[in-house]
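1. Sequence and computational prediction follow.
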Amino acid sequence: MSVIKEKVTPYKESEKGKKEQVAEMFDNIAPKYDFLNHFFSLGIDIQWRKKVRKMVHKKKVESICDIATGTGDLAITLHKPGIDIKGVDISAGMLAVGREKIKAKGLENDITMILGDAENIPFPDNHFDVITVAFGARNFENLEKGLKEMLRTLKPDGRIFILEFSKPTKVPFKQFYHFYFRYIMPGIGKLVSKDNAAYTYLPESVQAFPFGDEFLGIMNKCGYKNSTCKPLTMGIASIYSGEKQ
């Protein structure tokens, strides 16, 4: 099974690897990231994170690792008193913004932001009750390695929840969505973020990323059980979940 249909990177002329390019891109757009995220989704992304929260907290949770945490939106959404949350990201710029948000909410004792990546999680085996990823899985340099590394750090019967863009399939929304995603979003993103590549990379990375049953097959191959896919908002995004054996 092919994990990624084509190699998609933010800066096509760069000789750096995907991981380094992604870190550079998010460092560049960090100050405007939250604004653009909510603007482009009309705030729907906030509701998507709340759906992840509801799924996560169906069971008792003591520890969570939010991979590709960015500015910490999902980590903050998942917060409950008494739960230890670690946010891990490869972009120092995004983490800096996230720490300011966490400080402003008085959550420094509950949420810790750490520089790192999904393929080398700086925690021991069988450590977390839950691992989450929001809009970060498609940025992994090696998707299967990242999925297996997250599985390693989950406790037995621990759960993973991955919120990621997918692809609408119903006409005419499918056509409208692709036009907006490919032509409207990149232009506005370039104007606001001042990064010419970031919001061109976004639709390209979504297009190249497996979704639905294909992604569930990859999760199963990497060792997850009871894997499910919950489509959101006419298929714009999906929540994938799975458990450790």
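-> In hand now; what should we look at?

2. Quick one: name whatever helix or strand follows the lengthiest helix in the chain.
-> For the chain, the helix with the greatest residue count under DSSP state H is helix 18-40. Following helix 18-40 in sequence order, the next helix or strand is helix 44-56 (DSSP states H and E).

3. Contacts for the following helix or strand past that next one next, please.
-> Note on helix 44-56: by DSSP H and E, the next helix or strand toward the C-terminus is strand 63-67. When contacts are defined by Cβ atoms under 8 Å, 6 or more residues apart in numbering, strand 63-67 is touched by residues 56, 72, 74-75, 78, 83-89, 118, 121, 123, 127-134, 136, 146, 150, 153. Where C-beta positions appear, they are placed from N, C-alpha and C, glycine not excepted.

4. taking these one by one, which sit in strands?
-> Within the contacts of strand 63-67, residues falling in strands by DSSP state E are 84-89, 128-134.

5. give me the low-pLDDT residue ranges for the chain?
-> 1-6 (pLDDT under 70).

6. Going along the chain, name the helices of it.
-> Under DSSP H, the chain gives helices at 18-40, 44-56, 73-78, 92-104, 143-153, 173-179, 185-193, 198-208, 213-221.

7. tell me the most buried of those?
-> Among those, helix 73-78 has the highest mean neighbour count (mean count of other Cβ atoms under 10 Å), at a mean of 24.

8. residues making contact with it?
-> 34, 37, 45-46, 49-50, 52-53, 56-57, 64, 66, 69, 85, 87, 98, 101-102, 105, 107, 111, 113, 132, 134, 163.

9. how far does that helix sit from the chain's center?
-> 12 Å (Cα atoms, centre = their mean, to the nearest Å).

10. got the CA coordinates for that helix in CSV?
-> Output in CSV follows, covering the C-alpha atoms of helix 73-78 (Å, rounded to 0.1, in the frame of the first residue of the first chain):
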residue,chain,number,x,y,z
ASP,A,73,-5.8,24.9,20.3
LEU,A,74,-6.6,21.2,20.7
ALA,A,75,-4.6,20.8,23.9
ILE,A,76,-6.5,23.8,25.4
THR,A,77,-9.8,22.4,24.2
LEU,A,78,-9.0,19.0,25.8
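
11. Thank you kindly, that will do.
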